[in-house]
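Asks: Okay, predicted coordinates and the sequence, questions at the end:
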Amino acid sequence: MPAERIKLYQLGTFAVGNRLLDPDERTVQSRSERSNTLTSGHRACQGCGEALGARYVLDAAMRATEGRLIAANATGCLEVFSTPYPESSWQLPWLHSLFGNAPAVASGIAAALKAQGRSDIRVVAQGGDGGTLDIGFACLSGMFERNDDVLYVCYDNEAYMNTGVQRSSATPPAARTANTKPVGDEPGNVFGQGKNAPLIAMAHGIPYVATATVANLHDLEHKVERAMELHGARYIHVLVPCPLGWGSASEETIRLARETGLFPVLEAEGGEIVSVSKIRRALPVEDYLRPQKRFAHLFGDPPRSDVISRVQAVADRNIRRFELLEVD
Ligand SMILES: Cc1ncc(C[n+]2csc(CCOP(=O)(O)OP(=O)(O)O)c2C)c(N)n1
Ligand code: SF4
Ligand SMILES: [Mg+2]
């Protein structure tokens, strides 16, 4: 099954690209009847990938369910910037869970709806990479294993951003965080640690697993819509650059989220990969690392070409393993 028929690479707005498409192919976001589920006025940083991703995910899920949706949200930036009590930017029934139990709270909501015979209302849960891969992982695995009827969305900005950029098990090798080694032979996050949540989700054999990035919002919407067509446990893992934690310019968020091989974009059903987003040109990882201050220690005088080569090897392995390169 192809993930998408049309792939648009755009810098800022989808407005122009949308006009080139048939109405039924335009993004949910370009439609006047979009639900604005995460509406304006929240306090995310300028260029926040998480705010952008969440807006697209929730609006697409709202459209797919005709507005009958409940969200459980783990503690993290997404919750903190959107709901400074007594204000809220959410325009749907939305619950703030603890940092580590959003999957369990969502499972409970799904169970309560089932007990009430309300099959029309659907449930999403969402959290950051720390809430999902670290502290909430047992709850998430339980939700998968029981095949609870929940779509869980992880917004991966590769560290604990809300509390000041601490390392998570999604932090990439060599990245500097507030609690990785600042100096020494190998400053930054060590190689060979961390976990691959999408592959672990696939190993549970759940109905649907996908990865996506905010660089391709058509693809992200498509994957949410596909997830909402299915029942049981579903998982979408979205790469969302964070200007504050990555030390990147706010206008670089979309460009940095483009496929480099470091974050394979794919879709799996029942544990089997059914589609992979191909990379047109394999750019050197240096182009991705250099604009981010969290990797600045690799570009001193002399540059750490040995470490950059090891990061390149990670991308090359992904490109081979998931057959990411387009072949003519
Ligand atoms: C049990 C517990 N430990 C620690 C915290 C503090 N805390 C709140 S959010 C957060 C980090 C969130 O990181 P992540 O899930 O990656 O979301 P992000 O802010 O990066 O979007 C931490 C450590 C907490 N709320 N509860
Ligand atoms: S710290 Fe990062 S994730 Fe949090 S609001 Fe700012 S840009 Fe978004
Ligand atoms: Mg995070």
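Replies: Nice, I can see it. Numbers count the residues shown, from 1 in each chain. Ligands and ions are numbered 1, 2, ... in the order given.
Asks: Kindly report the residues of this protein close to ligand 3.
Replies: 128-129, 157, 161 (Cβ under 5 Å from the ion). For every residue, glycine as well, the C-beta is placed using N, CA and C.
Asks: Where neighbours are concerned, which of these has the most?
Replies: Each of these was scored for neighbours by other Cβ atoms under 10 Å, and Gly128 scores highest at 32 neighbours.
Asks: Provide a list of residues in contact with the nearest residue to it once chain neighbours are set aside.
Replies: Nearest non-adjacent residue to Gly128, counting by Cβ to Cβ, 6 or more residues apart in numbering: Gly76, 3.8 Å away. Counting by Cβ atoms under 8 Å, 6 or more residues apart in numbering, Gly76 touches 99, 127-128, 130-131, 160-162.
Asks: In which helix or strand does the residue nearest the centre of the chain reside?
Replies: Geometric centre of the chain, nearest residue: Val238, 1.4 Å, by Cα atoms, centre = their mean. Using DSSP states H and E, Val238 maps to strand 234-239.
Asks: Which residues of the stretch 151-300 of the chain lie near ligand 2?
Replies: 157, 161, 242-245 (Cβ under 6 Å from any ligand atom).
Asks: could you pick out which of those residues are near ligand 1?
Replies: Okay, of these touching ligand 1 (Cβ under 6 Å from any ligand atom), that's 157, 161.
Asks: Any chance of JSON lines for the residues of the stretch 151-300 of the chain next to ligand 2, columns secondary structure?
Replies: As requested, these are exported to JSON lines (DSSP: H, G, I helix; E, B strand; the rest coil):
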{"residue": "Asn157", "secondary structure": "coil"}
{"residue": "Met161", "secondary structure": "coil"}
{"residue": "Cys242", "secondary structure": "coil"}
{"residue": "Pro243", "secondary structure": "helix"}
{"residue": "Leu244", "secondary structure": "helix"}
{"residue": "Gly245", "secondary structure": "helix"}
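Asks: before we move on, back to that, and which of the residues of the chain next to ligand 3 is nearest to Leu21?
Replies: Asn157 (29.6 Å; Cβ to Cβ).
Asks: which residues does the residue in the stretch 51-200 of the chain that ligand 3 sits nearest to contact?
Replies: Ligand 3 sits closest to Gly128 of the stretch 51-200 of the chain, with a gap of 3.5 Å, by Cβ to the ion. Counting by Cβ under 8 Å, 6+ apart, Gly128 touches 50, 74, 76-78, 154-157, 160-162, 168.
Asks: Out of those residues, which sit inside strands?
Replies: Mapping those onto strands (DSSP state E) picks out 154-156.
Asks: Considering those residues, which possesses the most neighbours?
Replies: Tyr155 (30 neighbours).
Asks: wait, that one sits on Gly127?
Replies: Yes. Using Cβ atoms under 8 Å, Tyr155 is in contact with Gly127, at 7.4 Å.
Asks: Give me the neighbour count for Glu326.
Replies: With other Cβ under 10 Å as criterion, Glu326 counts 11.
Asks: Over to Lys278?
Replies: 15.
Asks: Nearest residue to it in space, ignoring adjacent ones along the chain?
Replies: Distances taken as Cβ to Cβ, 6+ apart put Glu326 closest to Lys278, at 4.2 Å, once the chain neighbours are dropped.
Asks: Could you check the pLDDT of that neighbour?
Replies: pLDDT recorded at Glu326 is 86.
Asks: same check, this time on Val16
Replies: Val16 is given a pLDDT of 51.
Asks: Arg19 now?
Replies: Per-residue confidence at Arg19 stands at 67 (pLDDT).
Asks: cool, Tyr9 as well?
Replies: 52.
Asks: Ok, Arg280 next?
Replies: pLDDT, Arg280: 83.
Asks: who's in contact with it?
Replies: Glu326.
Asks: next one: the one 10 residues further on
Replies: Applying Cβ under 8 Å, 6+ apart, one finds that Arg290 lies in contact with Phe299.
Asks: try it again with 10 Å
Replies: Contact partners of Arg290, counting by Cβ atoms under 10 Å, 6 or more residues apart in numbering, are 284, 296, 298-299, 303, 308.
Asks: Can you narrow these down to the ones near ligand 1?
Replies: Within the set of these, contact with ligand 1 (Cβ under 6 Å from any ligand atom) is found for no member.
Asks: of these, closest to ligand 2?
Replies: Ala296 (17.7 Å; Cβ to the nearest ligand atom).
Asks: re the thing from before, Throw the residues of the chain next to ligand 3 into JSON lines and include pLDDT, thanks.
Replies: Formatted as JSON lines, the residues of the chain next to ligand 3 follow (pLDDT from 0 to 100):
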{"residue": "Gly128", "pLDDT": "98"}
{"residue": "Asp129", "pLDDT": "98"}
{"residue": "Asn157", "pLDDT": "98"}
{"residue": "Met161", "pLDDT": "98"}
